[in-house]
Structures are given as C-alpha cells and as structure tokens.
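> Predicted model follows, preceded by the sequence.
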Amino acid sequence: MGPIVPLTFKALEERLRALPEFPADTASPSRLVRGAAIVMALGIALTLVASFLSFTNVPPQLLKKAATAGFWVALIALGILMIISIYGIVSDLRRWTVDQAMRTDHQLEQFMQEVSWLKKYPAATLQIMLDHARYSHTRRAGRIALLAGSIDKLGLLPVAASLFLVLRAGGNPLAMSPLTAIVGIFLLFFWMICWVATSARGKLQTYEYLLDMALKGKEKGAAAADA
C-alpha cells in the first residue's frame, strides 16, 4: 500500500531539510563564511551605488558617508572571511580524507532512506516527477546563460573585481567614475544571480538523483519478481 501523502517537490524538500546534519558540519564555519560573503557583497554594493549616484543631485556628504560605511563594512567582512576561511582550510586538512569519507557515508545513508520512501509511490508518478525535474534543470541552465553568460564559471572573480574597484576608491565616491561603478554593480549583480540559480540547480540535481534511484530500484524489484 502506497503512502497517503501525495508526492510533490515540496514534500520531498521538507523531508530533505529535516535530515540531521553530519556532526562535523554542525560546528563548520561554512555558515559564517556565507554570512560574511553576503555582508561583504552588500558593503561593496553600497559603495558602488553611492559612487554611481555621484553625478546626481544627491548631497555629496550623504554619498560620502554611505560610500565610507560600505567600504569599511566590506573591508571588515573581507577580514573576517579570510580568517574563517584560513581556519576552516587548516582544520579540514588535518583529517580531510577521513571526514570526507564519513560525510559521504552519512549522506548516502540518508539518501537511501529517501529512496526507500519514494519507492512506495507508483513508477508512473516517479517518472513524471523526474521528467519535470530534468526539464526545470535544463530550463534554469538556459536562463543563467541568457542573463549572465558563463560568469558562473568565474567563481568569486566578479566579486573580487568589484571589491578591487571599491578598495581603489578608498570609500570616496568621487574617486570612481559612474561608468566604473555601474560595471562593478553589474558584475556583483550577475554573480548574485548565478549564486542563487546555482543553488537552485543543485536542489534540482538532488531531486533527479533520488527520483532516478527510486525508479531504478522499482524496476529491479519488478524484474526480480518476474524472474
């Protein structure tokens, strides 16, 4: 007898979010790194926007205060980001191989539990969900290419370029031309789009993997029963 709850991507996502984390990840600095990166990006954006508005009627004193605040926020966040990243790299290198193997085993065990849950649904339902997940993945990849080209392959280079423009200006909005500021803003904006879209693509890839595993499991079970 199949499960009572209808199979939806929302139900699958809620189950994945409820999975317990790997113990070593609970104290991992990755969350602080993401937080510091977001704060740094906001500081950079504030400085670039203030520089871009330098040719408007906005009072120069207000723009200078905003740019200086954004500059120092970005600089402090960069320092925190570097310290946390160095600490995380050093701590991971000590037992990286063992921890990575244990983390993979932990994730595989959790995924197999979800596959067992998915196998309770009809194969036709799983196939429909899998086809839609693949369609959404392909469509999202096309949207990223249309909006930002291959900028997602550059990693943090767009952020580094924007940060360089901010550091070169030293928090002075008048030291940066509006054209340079708008280039930095676009680089930062496209990087944020790619970051969010790449995270969503990762979710879709997880859905595809689990649904495909469940379908293969049902097919093997049916073949064994017919043998």
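Structure received.

> For E114, grab the count of nearby residues.
19 (other C-beta atoms under 10 Å). C-beta: built from backbone N, CA, C; applies to glycine.

> Which residue, other than its chain neighbours, is closest to it?
Sequence neighbours aside, L210 is the residue nearest to E114 in space, at 5.4 Å (criterion: C-beta to C-beta, 6 or more residues apart in numbering).

> Equivalent analysis for A175, please.
A169 (4.3 Å).

> Quick check: the one you found vs S199, distance?
With distances taken as C-beta to C-beta, to the nearest Å, A169 is found 31 Å from S199.

> neighbour count winner among those two?
More crowded of A169 and S199, by other C-beta under 10 Å: A169, with 22 against 9.

> Surely the more buried one touches T47?
Yes: contact status for A169 versus T47: in contact at 7.1 Å, counting by C-beta atoms under 8 Å.

> just to revisit the earlier point, ok, the residue nearest to E114 to K218 distance?
For L210, the distance to K218 (C-beta to C-beta) stands at 13 Å.

> Mind checking which of the two has more residues around it?
Per other C-beta under 10 Å, whichever of L210 and K218 has more neighbours is L210, with 23 against 19.

> Mind telling me what element the residue nearest to E114 is part of?
Element membership of L210 [criterion: DSSP states H and E] is helix 178-226.

> for that helix, the distance to its chain's centre please.
Relative to the mean C-alpha coordinate of its chain, helix 178-226 is positioned 10 Å out (C-alpha atoms, centre = their mean, to the nearest Å).

> helices and strands around it, which ones?
helix 9-18, helix 30-52, helix 96-118, helix 123-148, helix 157-169 (3 or more C-beta pairs under 8 Å, 6 or more residues apart in numbering; DSSP states H and E).

> can you redo these as a markdown table with mean pLDDT and distance to I185?
As requested, these are exported to a markdown table (pLDDT from 0 to 100; distance: least, C-beta to C-beta, whole Å):
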| stretch | mean pLDDT | distance to I185 |
| --- | --- | --- |
| helix 9-18 | 88 | 32 |
| helix 30-52 | 81 | 5 |
| helix 96-118 | 83 | 37 |
| helix 123-148 | 81 | 14 |
| helix 157-169 | 79 | 8 |
